[in-house]
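> pasting the sequence and the predicted coordinates here, then a few questions.
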Amino acid sequence: MHTQSDRRIARVVFLGAAAGALLLGVEWQWGRMLWLDEEMIAINLRDRSMRELAGTLSLGQAAPYGWLVLQRTMLLAGGTGERTLRLIPLVFGMATLATASWIGRRWMTAAGALSLVFLCAMGQWVSFHALELKHYSADACFGLLLPALAAWAVGKDAEGVNRRRRVLAWWIVAAAAQWISNGALFVTPACAIVLVLFTARRFGWQEGMRAAMPGCLWLASFAVNYRVTLGPALGNTFLKGYWANAFPPAAAGPVEILRWLASQLTPLAVKPGGSGFGAAFWGVSAVGLLAAPGYPLAFRVLFASVPCSAFAWAGLRLVPVSDRLGLWFVPALYVGLAMSVETSIALLRPGITPRLRWIRPAAGAGSLIVLLAMAADTYARGKIYLAMRPYASNHDLNDRGAINWLLRQRRDGDVWLASYLSLPAIWWYAGREASTPAVEASLEPGSSNCGGSDVGAWAKAGGARRVLVYLGFGHDTPPEFDETLLDRLSSVGSVTAYRPFHSGHALIVDFTEPSARPVTLASLARQPGGSGQAPAFSPDRPAAKPGSGCITVAPARRW
């Protein structure tokens, strides 16, 4: 029976989760433009049928098939607007907050529950990916929900037929969730082992085997899922190369693998953990999972198994843990951090013996200071990141604005020109019809024998009368690429229109008009319609003068 105090705590926790959900909703309704990763998955969703979404996707993309089907359904029902495409990720982001609220109200004190909700609402990358067209918010949601449901299934209040129904329900959710979330797939094996072992420990091995039997349902679902989604993703050579650094070295032995895994603690704390405390982030979470008073052993083991699973999968070179691919284990670490809050508060109570009377409160006060500093860091990172999301750009680019500006001036016979990773912006925002023909430009540094594939020779040979150029996402090009391309284009044609879009640049070059003189981005910025200032360059892509080399062009093809 719930006391009035329990109901008051439940209301406070619910209001905290609702406030976090409201913040996500406000951010979502602004409908920021997509950026490169989102554009590439969106192109697959738009251009492929439900059946074609199974198997290998184009543009180096991979996602759970069920999630793709949900997204494709939303696209067909609501169109290609940013809000429509991000609605499913938003729902899973809000579901993560709802799950945190349920865990807090069922197992935690008010302090622990509010801490968990706060972390899930303000965590830098958990909140960010709830507003991005990717499946990572579903990963975070099921990475939190499945161990909690397993703890509920083996809880002390689960007896007889009720317990068996809970266990069956857990297996059904796990079997279905792997189609929507890779995180659900990764946490299930360890959670299943804990569920079966604790069932056998309390009720005997016969009941343990009975609890394991529904796993056949999960295995059958996994077999089909592997054929449809996982197998093609594992065999994707582009993805293997892209995430190669997220695994231990191929020839590493057991000791080297352990050292490599230990070296990942600090970078993983920053991203996807959203904390600047490095190894301390992991240590404080571990202390909470081990020492927080009043928690069932199964609850502790289940949530501890989630980050342990991440390192086990990475050590076996099966699942990368780097960056956003590791978001699925972050909420479990947040559970440990919330439990550390409860541990610190418990230590504040005076000790029983005179020797411990002041030691325990001092330890509790010290740990609370550390936790408050970590909370402030989490808030600052989350809040600052929200403030750094200007609604007119995404990753300091405005692909939508740039491509729409070029589209308004497009004529029959115009050709699009962009680098490798700027092409998806054209393919998405210009649409299937208007985005062709397109050519891909690349720089061959130090080359002097350019031949007929050079952009200048191509233009003189009648490759196009005008080109619509977009210099957008450029991490695949050398720093001097933009200026060298502009130098080559303006030496054989005239730049008739130019406009900057944050760190990107859109321009039109007409090869039928004589070239006055080569121009630079800085000189274009001072022309009417420019920004009036020299373009700003990020530290990893400094301003560079045109260098020697060839700008080659080739028909753009989707990889």
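Everything's here; your move. Numbering: from 1, shown residues only.
> any idea how far the longest helix anywhere in the chain is from the middle of the chain?
Longest helix of the chain, by residue count under DSSP state H: helix 359-387. From the chain centre to the centre of helix 359-387 is a distance of 25 Å (Cα atoms, centre = their mean, to the nearest Å).
> helix or strand right after that helix?
The helix or strand immediately downstream of helix 359-387 is helix 399-408, counting by DSSP states H and E.
> for whichever helix or strand comes after that following helix, the averaged confidence score.
Using DSSP H and E, the helix or strand that follows helix 399-408 in sequence is strand 415-418. Averaging pLDDT along strand 415-418 yields 95.
> export the helix or strand just after strand 415-418 as CSV, just CAs?
Scanning forward in sequence from strand 415-418 by DSSP H and E, the next helix or strand is helix 423-429. In CSV, the C-alpha atoms belonging to helix 423-429 read as follows (Å, rounded to 0.1, in the frame of the first residue of the first chain):
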residue,chain,number,x,y,z
LEU,A,423,26.7,15.3,-52.2
PRO,A,424,24.1,13.8,-49.8
ALA,A,425,22.9,17.4,-49.0
ILE,A,426,22.1,17.8,-52.7
TRP,A,427,20.5,14.4,-53.1
TRP,A,428,18.2,15.0,-50.1
TYR,A,429,17.2,18.7,-50.2
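> which strands or helices does helix 423-429 pack on?
helix 36-47, helix 399-408, strand 415-418, strand 438-445 (3 or more Cβ pairs under 8 Å, 6 or more residues apart in numbering; DSSP states H and E). Backbone N, C-alpha and C define where each C-beta goes, glycine included.
> what mean pLDDT does the helix or strand following it get?
Per DSSP H and E, the first helix or strand lying C-terminal to helix 423-429 is helix 431-434. The average pLDDT within helix 431-434 is 88.
> and the contacts of helix 431-434?
With contact meaning Cβ atoms under 8 Å, 6 or more residues apart in numbering, helix 431-434 is reached by 46-47, 407, 410.
> and of these, the nearest to residue 229?
residue 47 (18.2 Å; Cβ to Cβ).
> picking that back up, make JSON lines out of the helices and strands packed on helix 423-429 and add distance to residue 8 and mean neighbour count.
JSON lines is the format used below for these (distance: least, Cβ to Cβ, whole Å; neighbours: other Cβ atoms under 10 Å):
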{"stretch": "helix 36-47", "distance to residue 8": "42", "mean neighbour count": "21"}
{"stretch": "helix 399-408", "distance to residue 8": "46", "mean neighbour count": "20"}
{"stretch": "strand 415-418", "distance to residue 8": "58", "mean neighbour count": "26"}
{"stretch": "strand 438-445", "distance to residue 8": "61", "mean neighbour count": "19"}
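> which other helices and strands contact the longest helix of the chain?
Applying 3+ Cβ pairs under 8 Å, 6+ apart, we find helix 359-387 packed against helix 110-122, helix 124-129, helix 279-291, helix 330-347.
> now the angle from that helix to helix 110-122?
For helix 359-387 against helix 110-122, the angle by axes from the mean of the first three to the mean of the last three Cα atoms, to 10 degrees is 20 degrees.
> what residues of helix 359-387 count as buried?
360, 363-364, 367-368, 371, 374-375, 377-379, 381-382, 386 (16 or more other Cβ atoms under 10 Å).
> do stretch 73-87 as well
Buried-residue list, stretch 73-87, by 16+ other Cβ under 10 Å: 74-75, 80, 82, 84-87.
> okay, the angle between the one helix or strand residue 551 maps to and strand 438-445?
Residue 551 belongs to strand 549-555 when assigned by DSSP H and E. If you take the same axes, to 10 degrees, strand 549-555 sits at 160 degrees to strand 438-445.
> so how far is strand 549-555 from its chain's centroid?
Distance, stretch centre to chain centre, for strand 549-555: 33 Å (Cα atoms, centre = their mean).
> I'd like the contacts of helix 431-434 as a markdown table, with distance to residue 494 appended.
Below are those laid out as a markdown table (distance: Cβ to Cβ, whole Å):
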| residue | distance to residue 494 |
| --- | --- |
| 46 | 35 |
| 47 | 35 |
| 407 | 21 |
| 410 | 17 |
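> among those residues, which one lies nearest to residue 504?
residue 407 (15.0 Å).
> any weak-confidence spans in the stretch 301-450 of the chain?
350-358, 360, 384-392, 446-450 (pLDDT under 70).
> hang on, the earlier thing: closest one to residue 30 among the helices and strands packed on helix 423-429?
Among the helices and strands packed on helix 423-429, helix 399-408 comes nearest to residue 30, with 12.7 Å by Cβ to Cβ.
> could you list the residues in contact with the closest one?
So helix 399-408 is contacted by 33-35, 39, 392, 425-426, 428-430, 434, 468, 470, 472-473, 499, 501, 504-506, 508 (Cβ under 8 Å, 6+ apart).
> kind regards, and thank you for your time.
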